[in-house]
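>>> Give the three-dimensional model of this entry:
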Amino acid sequence: MKNHNEGEWQNRFKKDMAKMEDVYEPAIPEQYQLLNTLNEFKIKRKKAFIRELILFIATAFAILTSYIVFTFKMPPIFLWVQGLAFVFIPIILIAESRRRNKRDGVESNGF
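Numbering: from 1, shown residues only. The predicted structure follows:
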């Protein structure tokens, strides 16, 4: 009797699993959808690379300028640079946070 119940349970379990597999059919994207997604990703990475390169060059230029100012002991120029940084850094931070908020609102996949 016990073997009969176990066999019946296994048969029902296998049928239920087959039904679940039949219900779930993953959508296979078309080739043009994959290529479009890949191209969008490449464009985003290229823009990010250019933005990071510009920031790197600007940072390197700022460091070089600071070194030159300290080397030649030009305090007025140093004060001007500090004043401009005091004005522009908050503006840059606000713009960057708005850009991130805009991106986070559209994309949720984290790329």
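>>> in stretch 65-84, what counts as buried?
For stretch 65-84, the neighbour count (16 or more other Cβ atoms under 10 Å) marks Val69 as buried. Any C-beta I mention is one placed from the backbone N, CA and C, and that applies to glycine too.
>>> Do a quick rundown of the helices in this structure.
Assigned by DSSP state H, the helices in the chain fall at 2-23, 31-72, 75-106.
>>> Format these as JSON lines; extra columns: mean pLDDT.
Below are the helices of the chain laid out as JSON lines (pLDDT from 0 to 100):
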{"stretch": "helix 2-23", "mean pLDDT": "77"}
{"stretch": "helix 31-72", "mean pLDDT": "89"}
{"stretch": "helix 75-106", "mean pLDDT": "80"}
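>>> Show me the chain divided up by domain.
Per automatic domain parsing, the structural domains of the chain span 30-72, 74-106.
>>> can you tell me which of those comes nearest to Lys15?
domain 30-72 (33.4 Å; Cβ to Cβ).
>>> centre of the chain versus that closest one, how much separation?
Mean C-alpha position of domain 30-72 versus that of the full chain (Cα atoms, centre = their mean, to the nearest Å) differs by 14 Å.
>>> Using a markdown table, lay out the domains of the chain together with distance to Asn11.
Below are these laid out as a markdown table (distance: least, Cβ to Cβ, whole Å):
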| stretch | distance to Asn11 |
| --- | --- |
| domain 30-72 | 39 |
| domain 74-106 | 49 |
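>>> closest to Trp9 out of the ones you listed?
Across those (criterion: Cβ to Cβ), the nearest stretch is domain 30-72, sitting at 42.1 Å.
>>> on that earlier part again, can you tell me which of the domains of the chain is nearest to Lys14?
Taking Cβ to Cβ, domain 30-72 is the member of the domains of the chain nearest to Lys14, at 33.9 Å.
>>> measure Ala27 to Ile94 for me?
Applying Cβ to Cβ, to the nearest Å, the value for Ala27 to Ile94 is 41 Å.
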